[in-house]
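Asker: Next comes the sequence, and after it the predicted model I'd like to discuss.
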Amino acid sequence: MTRPAHQISLAIPVLETERLVLREPREADLPAMLAFNSGPRSSFIGGGMQRQQVWRGLLANIGHWVLRGYGFYSVDTLQGEFIGRVGVIFHDGWDEPELAWHLYDGFEGQGYAAEAARAARTDYHARITSRPPISYIDPANTRSEALALRLGAVLERTLHDDRGSHHVYRHPQPRPPAAETPA
């Protein structure tokens, strides 16, 4: 007896901001991910991984989208240059969903991370839940802490676990839609 095939469908929204396109992860993203992984800034997200681990991270992100309906977006400029990854992730064993970001070398300091994080957070609130996510940030990563504050997040606590110490920032509750006044 033949069993019916199972089908997994995956619809990842494409978000556009003034300067960016947040899109689905692609195999073509791997070279930029590998380059970032070999740089010093990747140490804040477990960098220095072997090529196969970076590959598995790309696949895990796609799987995260399938299982949870959200995940890391690949972020492109409007000119099509892949500049990083931003989104909400919720890995097994974590307390709650995290809004996270990492931009690749040469693209930091231009407001791209804030622009993409706001878009990803707004999408998460619109499609998934109004519950505000957190951001786990290494205390030595002062640039990410500054971005969390710029996004309106507040330092909630310091977490000590097998990954080390992390500051936990709570993002703000989304604003309710403005009430329309009758004309």
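Answerer: Thanks, I have it. Keep in mind the model is a prediction, meaning the values are calculated, not measured.

Asker: which regions of this structure sit below the pLDDT cut-off?
Answerer: The model of the chain has pLDDT under 70 over residues 1, 36, 38-49, 51, 177-183.

Asker: Extract the C-alpha trace of the longest helix belonging to it and format it as CSV.
Answerer: With DSSP state H setting the assignment, residue counts place helix 51-68 as the longest helix in the chain. The C-alpha coordinates for helix 51-68 follow below in CSV (Å, rounded to 0.1, in the frame of the first residue of the first chain):
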residue,chain,number,x,y,z
ARG,A,51,31.9,25.3,6.6
GLN,A,52,29.5,22.5,7.2
GLN,A,53,28.2,24.1,10.4
VAL,A,54,27.5,27.4,8.4
TRP,A,55,25.7,25.3,5.8
ARG,A,56,23.7,23.6,8.5
GLY,A,57,22.8,27.0,9.9
LEU,A,58,21.4,28.1,6.6
LEU,A,59,19.4,24.9,6.4
ALA,A,60,18.3,25.3,10.0
ASN,A,61,17.0,28.7,9.2
ILE,A,62,14.9,27.4,6.4
GLY,A,63,13.6,24.7,8.8
HIS,A,64,12.8,27.3,11.4
TRP,A,65,10.6,29.1,8.9
VAL,A,66,8.8,25.8,8.1
LEU,A,67,8.2,24.9,11.8
ARG,A,68,7.5,28.3,13.3
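
Asker: Report the beta-bridge partner residues of the residue nearest to the spatial centre of the chain.
Answerer: Among the residues of the chain, the one closest to the centroid is residue 87, at 2.2 Å (C-alpha atoms, centre = their mean). Taking DSSP bridges as the rule, residue 87 bridges to residue 72, residue 100.

Asker: now the strands: where do they sit in the protein?
Answerer: In the chain, the segments counted as strands under DSSP state E are 15-16, 20-23, 72-77, 82-89, 98-103, 134-137, 154-161, 164-170.

Asker: Give me the contact list for the first one.
Answerer: Spelled out, it's strand 15-16. Under the contact criterion C-beta atoms under 8 Å, 6 or more residues apart in numbering, strand 15-16 has outside partners 21, 22, 23, 73, 119, 120, 123. Any C-beta I mention is one placed from the backbone N, CA and C, and that applies to glycine too.

Asker: same check, this time on the last one
Answerer: Identification of contacts with strand 164-170 by C-beta under 8 Å, 6+ apart yields 132, 134-139, 145, 148-149, 153-159.

Asker: Between strand 154-161 and that strand, find me the angle.
Answerer: Angle, strand 164-170 to strand 154-161, by axes from the mean of the first three to the mean of the last three C-alpha atoms, to 10 degrees: 150 degrees.
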